[in-house]
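# give the three-dimensional model of this entry:
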Amino acid sequence: MGWTADDVPDQRGRTVVVTGANSGIGLEATRELARNGASVIMACRSTDRGEAAAREVRADVSDADLRVEACDLGSLESIRAFAERIDGDELDVLVNNAGVMAIPRSETDDGFETQFGVNHLGHFALTGLLLERLGLEDERDSRIVTVSSGMHERGEIDFDDLHREASYDPWDAYAQSKLANVLFAYELERRLLTADANVESIAVHPGYANTRLQSRGPEQRGQRLRKAAMWVMNAVVAQSAERGALPTLYAATAPDAEGGAYYGPGGLANMRGSPERQASSDRSYDRETARRLWAVSSESTGVTYDLPEPASTSTSEASAPERSAR
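The predicted model follows:
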């Protein structure tokens, strides 16, 4: 049977931030976290959609402790305002879930290519601004879960054209942003290890889950046939959003989830099934690329982390960070 939502341990007394909590994986993760007693801060671009999602969860979980807050990952101003509003909260888990996929080229409020800006840079900034709230020096078993995609395996970080101004392919841009998610999660774990911090950074992917994410690109491009094809694929091949949320829930709550790991569905082609630890792409373990991406991300967002840089290692020695090495 494998690990399911029924295995989520008691979350009473824990506070979780979930970005993109109003739909798809984020909504289902929010539902199960609330069902098990967590207080969930739903960080949503639209508070109207967030409140509608909160009502849906409360209809299913009558005592759900939910708080909807505006947080647009495409706006550094919005991210900073969100972080300031929850400055007094003690956080246990941050789930970096919100994202966009294969949309026509556009730019965020800060001039970043939207997929790279929302999927990676927005979460880089948010994590840095909330890091102190996660209790670096106490023993609360705090975690940062960053949701990537199997598409990261196609990705390459093009430092000469990060924002795809010279040439834009929506899937290449998406794959780059998802590779950036994994590189960030691993580099963050290495820096947390170096600081001897009691916070773990974990990367996950949902496999092929039936959410609205797949249809937004075709909708924005006016591609009715492609949208219909996506609907058929979702109906025939995809697992449910509830099942797609399991790797996120596992990383956020399971006692044996490990910092520096990458979790995803262990079934058919890693597209569906129960969560298991997996290997990510070779490029995701390149520490030099990760360090360079970190520096560019900090410069782009203006957000710095009070964490030491890990010791240098050659690319040939690169591997996933191991929490057991502490």
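# tell me the bridge partners for the closest residue in space to residue 163 that isn't next to it in sequence.
Nearest residue to residue 163 in three dimensions, chain neighbours excluded: residue 113, at 3.9 Å (Cβ to Cβ, 6 or more residues apart in numbering). Heads up, the C-betas are built off the backbone N, CA and C, glycines and all. Counting by DSSP bridges, residue 113 forms beta bridges with residue 107.
# residue 304 belongs to a strand?
No. Per DSSP: H, G, I helix; E, B strand; the rest coil, residue 304 lies outside any strand segment and is coil.
# these two touch, right, it and residue 295?
No. The criterion here is Cβ atoms under 8 Å, and residue 304 misses it with residue 295 at 10.4 Å.
# what does the model give residue 10 for pLDDT?
pLDDT for residue 10: 98.
# which ones are touching it?
Shown in contact with residue 10 (Cβ atoms under 8 Å, 6 or more residues apart in numbering): 36, 37.
# in three-state terms, label it for me.
Per three-state DSSP, residue 10 ends up coil.
# what's the separation between it and residue 113?
41 Å (Cβ to Cβ, to the nearest Å).
# also residue 134?
Per Cβ to Cβ, residue 134 is found 29 Å from residue 113.
# now the helices for the stretch 101-250 of the chain?
Using DSSP state H, counting those that start in this stretch, the helices of the stretch 101-250 of the chain run over 114-116, 123-130, 170-194, 213-221, 224-236, 241-244, 246-253.
# how far off centre is the second one?
Just to be clear, that refers to helix 123-130. 11 Å (Cα atoms, centre = their mean, to the nearest Å).
# how big is the angle separating it from helix 170-194?
30 degrees (axes from the mean of the first three to the mean of the last three Cα atoms, to 10 degrees).
# who are the packing partners of helix 123-130?
strand 15-19, helix 76-85, strand 93-96, helix 170-194, helix 287-301 (3 or more Cβ pairs under 8 Å, 6 or more residues apart in numbering; DSSP states H and E).
# so can I have TSV of these showing mean pLDDT and mean neighbour count?
Output for the helices and strands packed on helix 123-130, formatted as TSV (pLDDT from 0 to 100; neighbours: other Cβ atoms under 10 Å):
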stretch	mean pLDDT	mean neighbour count
strand 15-19	98	26
helix 76-85	98	18
strand 93-96	98	28
helix 170-194	98	25
helix 287-301	98	18
